[in-house]
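Visitor: quick one: sequence and predicted model below, then my questions.
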Amino acid sequence: MTSPAPAVLVAMDSFKGTMTAAQACEAAERGLRSLWPHARMKTLPLADGGGGTVEAILRARGGAFQTTAARGPLGSIVAARWGMLADKRTAVVEMAAASGLALVAPGERDPMRASSHGTGEVLRATIASGARRILLGIGDTATVDGGLGAAQALGVRFFDDANREITQALAGADLERVASADVSALRTLLADVEIEVLCDVSNPLLGGSGAARVFGPQKGASPGDVERLENGLRRAYDVIEQATGTSVRALPGAGAAGGMGAAAVALLGARLVPGTERIFKLIGFAEALRSADILLTGEGRIDAQSLSGKGAGHALLEAHRAGVRAWAISGLAPEGVDPRATLHIERLAVLATDTTCPEPEEAQRQLEQAAARLASQPGDAGAYPATSNDSKQR
């Protein structure tokens with residue numbers, strides 16, 4: 001008598017540059033079904049506030065995708081996708097859609113020129129569409145403009161030392177020009193709007209662990225640019241704190257997304273909430289895990305840093321707490337020590353040993369094969385036979 005086929009929760013995060021979370025889930029499911037055709041499987045794409053956040057939440061909660069033409073980081077117009085949930089009052093926005101690093105070619109990345117203005121345009125569009133609650137994910141951005149570009153698009157007016165309004169979309173290089181601000185129009189616009197910012201970064205706005213010094217180089221800033229950005233953020237937030245009466249520069253998370261965390265709190269009246277934890281609640285991860293025998297998760301690189309607000313790391317932690325067996329697929333080899341003991345991974349597959357990104361179709365094929373290899377490893381022949389005809393549902 002054969003044992004029942006396993007119940008598997010396939011919950012993958014994105015593999016940046018090659019696969020979305022949904023594509024990764026589909027590829028992994030195909031690989032598992034090649035050995036376990038009758039297994040009960042549920043796919044649940046993950047996100048952590050960056051790219052893929054809108055898709056993950058809408059797929060789980062229901063609603064409709066919307067598209068807004070908005071300014072990209074360097075000024076070209078992009079089609080920024082966001083979501084309106086089924087209640088018609090809750091919008092889901094990710095900064096990556098209009099201000100994301102992926103929208104800029106590697107050789108063009110420059111936070112001195114990049115602006116979050118497009119994110120403000122998307123937020124304005126959600127409000128015009130009836131949203132009175134906004135979930136804003138602020139990961140994967142190209143900007144270090146302190147969120148002033150987004151605030152400007154929402155109605156904040158910034159002026160220079162000669163009291164001339166700065167009318168072009170504010171970018172990192174413009175921060176040092178800001179001498180005063182008028183926030184009255186923004187307060188009117190957001191009077192009955194609640195904003196939650198999905199943020200897993202604890203960096204303050206300024207200093208050695210702040211927006212300019214930590215995130216500037218990641219987004220293309222030279223050492224000289226970093227110093228200008230640091231000084232510009234300090235000057236701009238002197239002005240913002242005077243205009244709003246709110247001090248945010250030491251707030252954990254203020255430095256997230258190049259300072260968007262600071263702007264969200266000081267100017268938009270938003271609350272910073274743990275992004276991954278909030279998203280997992282919205283997509284019903286705990287409920288899905290309760291009915292699973294095995295969790296299969298993965299992302300671009302699984303290592304010790306995966307516990308720092310990354311989707312796959314949080315999934316592995318939840319599986320350990322729930323007593324569910326955990327398997328993982330890492331796009332790249334882990335950095336540092338083997339993460340299996342730390343992350344409670346029973347089986348781990350690695351797709352590549354170098355950082356060369358394969359074409360999307362090839363990446364999905366590799367992930368499918370990796371999932372099949374995990375399922376074919378010795379140890380499950382008695383419990384979960386590969387050719388089981390038992391399709392019993394638990």
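Guide: Cool, got the structure.

Visitor: looks like Ala79 contacts Thr67 (just checking).
Guide: Yes. Between Ala79 and Thr67 there is a contact at 5.1 Å, judged by CB atoms under 8 Å. Quick note: C-beta positions are derived from backbone N, CA and C, even for glycine.

Visitor: if we ignore the residues flanking it in sequence, what's nearest Ala171?
Guide: Residue nearest to Ala171 in three dimensions, not counting chain neighbours: Ser115, with 4.3 Å by CB to CB, 6 or more residues apart in numbering.

Visitor: with Ser202 instead?
Guide: Nearest one to Ser202, counting by CB to CB, 6+ apart, is Pro252 at 4.3 Å.

Visitor: now Arg249
Guide: Nearest to Arg249 is Leu205, by CB to CB, 6+ apart, at 4.3 Å.

Visitor: against Gly147, how distant is that neighbour?
Guide: 10 Å (CB to CB, to the nearest Å).

Visitor: the two: which has the busier surroundings?
Guide: Using other CB atoms under 10 Å as the criterion, Leu205 and Gly147 rank with Gly147 on top: 35 against 27.

Visitor: count the neighbours of Gly118 for me.
Guide: Counted with other CB under 10 Å, Gly118 comes out at 30.

Visitor: pretty sure it contacts Val78?
Guide: Yes. Counting by CB under 8 Å, Val78 is a contact partner of Gly118 at 6.7 Å.

Visitor: returning to what we had before: who touches both of Leu205 and Gly147?
Guide: Common contacts of Leu205 and Gly147 (CB atoms under 8 Å, 6 or more residues apart in numbering): Gly259, Gly261, Ala262.

Visitor: nearest to Leu135 among these?
Guide: Distance ranking of the shared contacts of Leu205 and Gly147 against Leu135, using CB to CB, places Gly261 first at 14.6 Å.

Visitor: you'd agree the closest one is up against Gly137?
Guide: No. Judged on CB under 8 Å, Gly261 makes no contact with Gly137 at a distance of 11.8 Å.

Visitor: which neighbours do those two share?
Guide: Taking CB under 8 Å, 6+ apart as the contact rule, Gly261 and Gly137 both touch Val197.

Visitor: list the buried residues for the helix or strand Glu361 falls within?
Guide: Secondary structure assigned from DSSP states H and E places Glu361 in helix 360-376. Across helix 360-376, burial judged by 16 or more other CB atoms under 10 Å covers Ala363, Gln364, Gln366, Leu367, Glu368, Gln369, Ala370, Ala371, Ala372, Leu374, Ala375.

Visitor: what helices or strands is that helix leaning on?
Guide: Helix 360-376 sits against helix 21-33, strand 294-301, strand 325-332, strand 347-352, with contacts defined as 3 or more CB pairs under 8 Å, 6 or more residues apart in numbering; DSSP states H and E.
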